[in-house]
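3D, please:
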Amino acid sequence: MPGFALQPMIPGAIIYRCWSMLKSLAKPPVLLFEMLPKIICSAPTEVWGPYEHENEATMTSPQATLMDAGIEASTRRWVKRVVVDLGFCPFAAKVLNQPGALLIDIVRGSERQRLHWLLERLHELRVDQTTETVLMVMPADLAAFEDFLDFASLAQAVLESHGFSGEFQIATFHPDYCFADSSNGAVGDAANYTNRSPYPALHILREQSISDALENFADPEKIPQRNISYARSIGTEKL
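Sure, this is the predicted structure:
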């Protein structure tokens, strides 16, 4: 995953690091290798203990509902004004203008609860073809970019270990996004704004939809460099 600093090891990330190390072995212990990402999403009382419900009342209160509506509206404005209007994703306008194609979910809870949500949503998307893409917005968690990268790595491991590779992929957005090769003082590089969003978010995309869109776009391999050059020409003040 893109990044520019060593990432602190949260419990879930430690499991993923161990899983990655086992995967790299010439003859990995297959059973453990296959189990580790799935342990994270196993039944609550079997491995991790009971769910953490301490914030549940707040999450379902009228105030929280109103707050979530504001977060969703802010995210949709960002998609329209930055991703679409600035052309960072040339084929996003079609999805944005198609009713029901873009789903924005506001997700709160523990790391394990967020991973459960991701897994359930992937299963739902496999069955329901009407939703084209999903933004998993996490406004109350992962404010530190390094923690966000750890969670994104863990989410990718869950996607792969549960058989969704080649069907879905995950893109990452964060208010403090910073590419590993950023210039101009790294954090201050305008190129980082191509992946900066109002809140930490994972973007779930359908692989087939991406392939179909790229077939009708000239030189798709040039899109990332074009975005970087354009962002730097605009500058951070306008972005």
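
Apart from its chain neighbours, what residue comes closest to Y177?
Closest residue to Y177 apart from its sequence neighbours, by CB to CB, 6 or more residues apart in numbering: N195 at 4.2 Å. (Each C-beta comes from the backbone N, C-alpha and C, glycine too.)

scratch that, I228
Nearest one to I228, counting by CB to CB, 6+ apart, is A191 at 4.2 Å.

Show me the helices in this protein, by range?
11-24, 30-40, 56-59, 62-78, 92-97, 111-127, 145-161, 207-215, 223-234 (DSSP state H).

do you know which of these lies nearest P200?
helix 145-161 (5.1 Å; CB to CB).

quick check: angle from the closest one to helix 111-127?
Orientation check (axes from the mean of the first three to the mean of the last three CA atoms, to 10 degrees): helix 145-161 against helix 111-127 gives 50 degrees.

Now find how far off-centre helix 145-161 is within its chain.
Chain-centre distance of helix 145-161: 8 Å, with CA atoms, centre = their mean, to the nearest Å.

and if you look at stretch 145-163?
8 Å.

now do stretch 130-147
Centroid displacement of stretch 130-147 relative to its chain, using CA atoms, centre = their mean, is 5 Å.

Can you measure across that stretch, start residue to end residue?
32 Å (CA to CA, to the nearest Å).

which parts of that stretch are buried?
Across stretch 130-147, burial judged by 16 or more other CB atoms under 10 Å covers 132-142, 145-147.

do stretch 71-88 as well
In terms of neighbour count (16+ other CB under 10 Å), stretch 71-88 has its buried residues at 71-72, 74-75, 78-79, 82-84, 86, 88.

what residue ranges in this structure are flagged as low confidence?
Residues of the chain that meet the criterion pLDDT under 70 lie in 1-61, 182-187.
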